[in-house]
Structure formats: C-alpha cells, structure tokens
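# need a structure here:
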Amino acid sequence: MALSARRKPPRLAGLIAAAVAVSSGILAVSMTGTANAATVGAGSYTETLPAGAKLPTGCGNVSANPRENVTANAPKGAVPTNDWWSSLLFKKGDDCAFSQALYAHPAAYRPVSSGLGFSYEQTPAISGSPTGLGEYHYPYAQKLVVGVAGLNAPKALVDDWTDWTVTPSWRDGTRTLKATIGHGLPLTYFQATGGDALITVTGPPTAWSNSGNRLGFSIAGQDYVAWAPAGATWTASGNTYRSSLAGKGYFTVGVLPTTSATSVADKIALADGWNRYAHNHVTGTRVSYSYNQASGTVSTTYGFTTTAREGTGTGTVIALYPHQWRYLTGSTPSPQTYVSPRGRMKIVTGTQFQTTMKYTGVLPEIPAVADGSGADLTTITNYLNAELANPADFRGDDTYWTGKGLGRAARIAEIADQLNLTGVRDSALTVIRTRLTDWFTASAGKTSRVFYYDRNWGTLIGYPASYASDEDLNDHHFHYGYYVAAAATLAKFDPNWASSGRYGGMVDLLIRDANNYDRADTRFPYLRDFDIYAGHDWASGHGAFGAGNNQESSSEGQNFSNALIQWGQATGNTAVRDAGIWLHTTQAAAINEYWFDVTGENFPSQWGHNYAAIVWGSGGAYATWFSGEHALVVGINMLPMTGGQLYLGDHPQSVINTYAELVRNNGGEPQQWRDMHWQFLALGDPDAALAKFRASGGNYTSEEGESKAHTFHWIRNLAALGTIDKTVTANHPLAKVFTKNGVKTYVAANITNSTLNVAFSDGRTMSVAPGKTATVGGLTWSGGNASGGGTVTPSPSPSAGCSLLSQGRAATSSSVEEGYPAANAVDGNATTRWSSAFADPQWLQVDLGSTRALSRAELTWEAAYGRAYTIQTSTDGTTWTTAATVTEGDGGTDTLALSGNARYVRMNGTARGTTYGYSLFEFKIYGGCGTPTATTPTTSPTTAPTTTAPTTTAPSGTSWQPNVAYAAGAVVTYNGARYQCRQAHTSLAGWEPPNVLSLWLPL
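Modelled structure (predicted):
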C-alpha cells in the first residue's frame, strides 16, 4: 500500500476516535508566486510567503500572531510548538479558549474558566484486541478544579515556559490565577489574587487530614494534599475546600503516589515528608548534557530552579520516567511510585538529577563484509546497476516525499562507494546535489521547491508542504531529517558544497528549525520537536487532541538525530554532532521503553500487545494514522533503515518477539513492506531474515523509500556480522560492535583524509585509513573512498601516558551559583558541575598541590559555556601567565595544549556563550602526556546562516537596523552596546544582536 494517505485520520478504534479534536492530515499544497530571496551562502530562502501557500492556522488571529495566547510576561523569541502543552498556546479545533487535556505525568490537567482541573488515573481504559487494532489510555477524568472563588476567566493564556514546565494564567478583571505544571512534578504551584483559594471536588471527597495550613483528601481512589501559607487554614463546605491563604496569595496542590491499600497513617507520613518542599515553587527547569567521547558516555542533568515562598528551602519532589530512573546516577529513589502511561515513575527530591547512558555508535552504512566478493557481489552489483538511472525514485515533490527519495539515493551512494561502483555512487550523489541545491535556492519567479522563513512563528517551512507541515507545523523532524542525512552523505564526497559559504548554512537552518541546538539563537524555539523530559519527539505542532500530543514514526525521529551526527561529523561541527548524539542516545532509550517495551514493564498487562505504533500523551495505540494493515502498523517504527537505526537491535529478543507478534496478528508472513520487516528481523535473527529474502527471489515490492540493493546489502552483511553488542563503546562516534557465535567484529568509519586510530572500551584498537570504513576482529574488511569530510578526531584518552593532576584538588572560583560549587568541576563526576554567577568576567581555579609540568587542559562545558576565555597558570597564585586563549568557543569539550610548570591553573572567562553564567562539568589538567594535540575550538562552520559578501555593508559603529545586509566583521551599536557581526547575513526584525548571539559578538 502506498503512503499517499500518510498521517491522514486513521481507522483508530475507541478512545482516540472519540477524543481527537482535530485531524492532523492535510494533503500537500500547490504554489504560485514569486520568492523574495534572503541569501545564506550560495543558497537562499524566501521571506515572502509564496502565493497559495498556507501558514500555521488556528483559533482567532493566531496565524499572524502566534503570541496571541501568551501574556506580556512570557519569554521572548520564537514560541515553542510540538510540546506536551502546545494546545494551550497553539489553540486549534473545538477549544479556542482553554486547551485540550495536558498530560504532564504523573498528573494530567485541563484549564477551565474557573481554574485548573486535575486528574491522576491509575487504571487504563483498553479498546480493541490483543491480535487486532487496539489502544490503551489513562484518559483525563477530572476529579477537582483548583482556582479562585468567583473566577470566571474567558480564556487561559501562557504566562511562562521553561524546558519542561508551563504556567497557564487566568484573569477575569477582578481575580487572577497562575499555575505552574510540568513533567515529573507531582506538586502544582499556584499564585492567586482577588479572592480565596478554592478547590472544587467532582464528587464527595473524604478528608483524611485537615490541620493548620495543610489539607489531605481523597476522591475516587486519588489522594491529594493542599498546602496554604503558614497561618492559613482550609474550611470544608460540601464538595469544596476554601482558604483565605492568610492574605499571602500562594498555595500548592499535590497528588500522592498512593493506592487504595495505602493507610491513612502512611498518607500523613508522606505528606509530612513533603512539607519542606510545599512552598518551594518551581520557577525554572533546564537540561544540560555532555558527550564524553573518550568513554563513549552521554551525561544529562535535569535541573530545577525553586523559589521559596516561605523559609529558605530549596528543591522539590521529582517523578522520573523509566528511561530516566534506569540510568540514574547519584540519587536513590524512594520506594513509592506513580502510575503513568509510560510505566512506573520513581521519586527523588532535590534541585536536579543526572542520568548516564552509553552511546554505542552509529554508522554511515553497514560494511560490505559479505557482499564484497563472489556470487553475492554479483547480486548486489546487479541491484545497484539497476538504480543507475533513478537512484532517488522520487514519489512526490513535497518535503516528505522529496526527503524519502533523497534518503533512498544516499543509501545507494554509500553502498556503491564501499564496492567501488563509482558510476552508481556518482549518479546518486548528482541527484542529491541537484535536488538539494534546487530546494536551497529561492530564485525569483520560483513557485515550488522553496523554503520560507516566517519570523512570527520562528519557523522554516518547505513548500510544497505535506501532512500539515505548514498549517499545523507537523513533522518537521521527519521531513528535514532526510534532507540533512542526504547532505551529510554528499558532504563526504563534495565538502565544498557543504561548506558554510555554499549550502552548509541552509542545512543548518533546517536543523535549527526542527530542533534548534543553540539556546542563544532566538530565531527558532529551542529543540522544537523534542520533548526534553519525555525523551522523545512529538509530531503534532499544536497537540490539540483529547489524548494529548502524539508521535507515530519514532524511527523517523531517530533518522533526524542520526542525520545530525553524520552532518556534524562530516563538517567538523561538534555542537551539531554532540546534539545529535544526545538526542539519539536519549531517544533510543525512550523508544525501547515506550514503543517496544523491551522490559515488559510499561504497557498495561491487559492490553496484550508488546509494541505500540503511536505513543500518545495518555497512552499508546497499535494502529497508524494511515492504515489498519498489520505490516504497516508495525513497520512505521522501522523506516528508514540506516546505520542510525541499529539501536533497534540493542535487544535482539525483543526484535524476535515483535516480528512474531506481527506474524500472529497478520495471520501469516507480512506481504507489504516485507523488506522493512526482514531488515528489522535481521537485527534479532539475521540468518532467518536472509533466508526469507533469498526465498523471495527478489520478487516483492519495495517500500517507497527502499531499494532492493539496500535491503540485500543490509540483511546479507548482518548475517555475517551477527547482532549488536551494546556493551562496548568507542572513542569515535562512527563505530559499532557486532557479535556472532561469541566472536566480536569491530567497525569504524573514517570519513576524513587522515588516518584514524579508534579505541574500544574492551581494549581493542584499530587503525582506519583515510576515507575508509573498516572492520577487525571476527571479520576483516576495508572499503570506501570518502574524499575528506570533517576533521573531528577522537579525544585523547586520559590514560594514554598522561597523569590527571587536578582531580580531587582544592578548587575556588570568582562566584558560585547556589548548589554548584567549584569542587564539582574537579571531582571526576561528569554529572556534577560548577556554575558561576550570570555575569562577566568569572574564573575557576585549581591548586595542583605542588608545582607540576603541564601538558594539556580539558574543559567539558555544560550548556552555559565560555565563548571567550584564557587558561592561566601560576606558581604562587598571584602572578599569572596566559597559557592558552580561546576567542570563539562553541561549548562541548575543549582540549588545549599547555606547557611549562605551575601549581595553580585557572579558566578566566571574559565572554559567556549564553545569558547564563559559566558552567563546567569537568576542568581537567594533565601532565606527562608528551606532545599533546590541541583541539582549540574555532568558529563552527555551520553555526549560523552565512552568505556571500553583500553589496551593502553597514558602516562600522552604526546603529543596528532590520533589512540590512551585514558583512562579517561589521560593527554596530544596539541599546548602547557594541556588537561585531560573526556571519554575513541580511537582518530581520526580531534578530536584534542580543537575541541572536550566533550572529553577533558582544564587544
């Protein structure tokens, strides 16, 4: 079945069909008109909406004013979309005043005119059958409304948002209410004016505690606690509880992790333990992450900023999803757990928690260890030669189907290159180059294949659009991931095309639109499509469904993450690469938990399925948006099969179980998308997959983005390599380990023009020649002809002849953000950090204990990094010598060569990379390393749109103005401050220098 109806309203049974408020499937639009181009290197996009093209649409005037539903207090810059709470801001469908249910987990909420409704369901509603289409949901069922007596607001607005919280706001002219809710927050924080706090319970409540300022009550098996300020009380009247709040205007309501078997004494004891956090209002949440290339680990810190309304306490109560608590480091959860649509949520308290995950690598393509000779070489050669004239096989001209064709051509190019079939490879690369260049050029009179930037929404939309990627802002990560991945393949063979002066800047804009990795860039929302706390993408821009937001093709989300890794590696942009690694690693854990339930612990046992095709805010579905066929229901979370989808093989038995369920539900082997299912099966039982492919004789219809060449190559070589060995990491991002019959084969891809030495965590090493993918161990092979992509090399291993001098030594700093002392930067723990005050300059200093010979410094930055800083050394702590200077830092990990002798070493920061302070996970000083290789950061080649030199250049020191072409190096003033242009560009309103630090350097 063709995907011509992809993501149109599905044949979804039960709850979704009843709950979905708005369809998200709209056919592609046609275009007429003239594009008015803004240049980005050799590329361009239009700033004028092409005739006939659609903008995001919703209630009221939201199309032209996406800030229609926010207050004046809301953060500036592009509004976020594609979030769990998006229907509150991007109002659409049948609720233009408030929102659909907001599934924050563990609680769910829904604003109404009188305040905020609560629900915490512990029993799933299940429809369908274990062998047919079906769904499970923990639906919103309102148990109480928390508000202000007499409140009757006409609308709920958004007053604030942070990484995983939102603050709805109500106002009726007399009374006001604000509530902060968020992922993982059992406590909800309120501020009220104009009347008493009022809790209206849906049915007769049972109060099990009402003493002083604290109230505990039950309704329909759910237990709640309300805390008023000190000196206040709660009074009961029928189904309502009321408090004057002692005139202080704040209170908190929390849902407890209790069951019907929990005693009153245990409820009271739990509430007693939470008293200390009750009035520590969460006023901010922020994620920071780091990729340790040497150890192959990804560390993530989830931080909570709290403001004490009473006392001086800090911290809050935090509920963790399974993909978080399984990888938790440095904290021990309490014994109680919450029920959620994602499985058990465990509880910690404090201002942050950390996770540490293994990044086990991705590959540009599976190596040709088995089809590089003999009869199989003949087979794959015939398949590849058959693609010579039409490697992309485009099935449409919109963004999605263009992307699918580009992805198909990229796979063919990678395989043909491994086998030295340069004619086929070059044919595929030519198609990629030609089509991407066309889309990346907004020439006058052009009516299609063009990107449009909308400054109001902060989004880049490709036209012709498809599946509501325009009017609903759906699926940008799905569509653009294919473009970026194809560009990464092209970059390895044509690095000039990928340079920032040519088309690299356009690729970077697509990345920033779908998932902007740069907090300082306010042209696009930070990580638009990725739910930071939930660990996965959301597909709908508005999320206006009764079941919350949804994500169907998790594998296409991973295609985007892998594309960032490949592009960042190919262009030397470590910020993009590391963002891709964090996204890919985090989402792989979430997908295995919530789509494939590899532990068998997360889906309701009564549901009967071990796989969900769609994850909803309230649950999951064995169904799709476009078909009820089992082969497509299961296959949608497998495509496109690339070297970035190997995470699907981390649990081989789960692969076998999922395939078996498909065959059972289908009543036999699938007949549609057979190639996708064989490739998936090859990650669990590659020999069985190869047998099925050979038995077909190639007599089947390929999935629309697949080719027989790639399917055979994938299955045949996995049958030789075996299954994924996820226990071994590497100090190179493009590396993977396989095992067959207990024998490991190590794979690494070197896309640079220099020899690469790769070390694996089990002690194995290998040397990879320039431009080659190679294997050692069980199978030995080498192939490929990359002509020199990026130059990112593995970080030097701390144990390689070096002495770590700084760990555990005394550290001091110019300032400290509360909770993040200087000692955290030298404790050897990659999940703790030092953070400074939010001002320049700042310094961090370590005393090595005695004068030592120095070799290098390694700085692992949190998201708040130093853009300009020096490394200074001293023998006495008084007289300092500058040993290294960084002027264009971009975060991540900086490795700097040092020399000479010193006892004291400090990082002296002179310009922050963000509006926050300086924050280091680790500040490591080494000695005895011989001659180190420095990797001093320079300006990333694709950190912002770039352009050829414009004919109009702003005079030095003139006031910044919109609609002016600024050349790199131009100096302007804005609000009394001077800025220097980092990258040539044509300015837009909203791109003022303080808002776009990726384009302007403060002087």
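
# Ramachandran angles for the closest residue to residue 880 other than its chain neighbours?
Nearest non-adjacent residue to residue 880, counting by C-beta to C-beta, 6 or more residues apart in numbering: residue 872, 4.3 Å away. Every C-beta, even on glycine, is put in place using the N, C-alpha and C of the backbone. Dihedral pair for residue 872: phi -120, psi 150, per degrees, to the nearest 10.

# For residue 872, list each beta-bridge partner.
In this entry, residue 872 is beta-bridged to residue 882, residue 906, by DSSP bridges.

# And for it, the neighbour number?
Residue 872 has 20 neighbours, counted by other C-beta atoms under 10 Å.

# my guess is it meets residue 900, correct?
No. The pair residue 872 and residue 900 does not pass the contact test of C-beta atoms under 8 Å, sitting 11.6 Å apart.

# For the two, list the residues in contact with both.
881, 883 (C-beta atoms under 8 Å, 6 or more residues apart in numbering).

# So residue 591, which state does it fall into?
helix (DSSP: H, G, I helix; E, B strand; the rest coil).

# Please tell me the pLDDT value assigned to it.
Listed pLDDT for residue 591 reads 98.

# show me the residues around it that make contact.
536, 554, 555, 558, 637, 647, 648.

# Give me the neighbour count for the last one.
Counted with other C-beta under 10 Å, residues neighbouring residue 648 total 27.

# what's the closest non-adjacent residue to it?
In space, residue 648 is closest to residue 683, 5.3 Å off (C-beta to C-beta, 6+ apart).

# what's the one you found in contact with, if anything?
646, 648, 649, 652, 655, 718, 723, 724.

# Please identify which helix or strand holds it.
Residue 683 belongs to no helix or strand when elements are defined using DSSP states H and E.

# quick one: low-confidence parts of the stretch 651-800 of the chain?
789-800 (pLDDT under 70).

# Helices along that one, start to end?
Along the stretch 651-800 of the chain, counting by DSSP state H, counting those that start in this stretch, helices occupy 652-666, 674-681, 686-696, 708-721.

# And the ones you listed: which comes nearest residue 134?
Smallest distance to residue 134 across the helices of the stretch 651-800 of the chain (C-beta to C-beta): 10.0 Å, for helix 652-666.

# can you tell me how far residue 899 sits from residue 684?
52 Å (C-beta to C-beta, to the nearest Å).

# more neighbours, those two?
Taking neighbours as other C-beta under 10 Å, residue 899 and residue 684 compare with residue 684 leading, 23 against 14.

# could you pull out the strands for the stretch 251-400 of the chain?
280-292, 297-308, 316-320, 328-329, 337-338, 345-350, 352-358 (DSSP state E, counting those that start in this stretch).

# ok, and which of these has the densest surroundings?
Stretch with highest mean neighbour count among the strands of the stretch 251-400 of the chain: strand 316-320 (a mean of 26; mean count of other C-beta atoms under 10 Å).

# lowest-pLDDT helix or strand in the protein?
Within the chain, no helix or strand scores below helix 15-19, which has a mean of 36 by mean pLDDT, DSSP states H and E.

# Partner strands of the helix or strand just after it and their direction?
Elements were assigned by DSSP H and E; along the chain past helix 15-19, the next helix or strand is strand 37-40. The strands beside strand 37-40 in its sheet (DSSP bridges) come out as strand 43-46 (antiparallel).

# Show residues contacting the partner strand.
Contacts of strand 43-46 (C-beta under 8 Å, 6+ apart): 35-38, 437, 440-443, 450-453, 460, 502-503, 505-506, 509.
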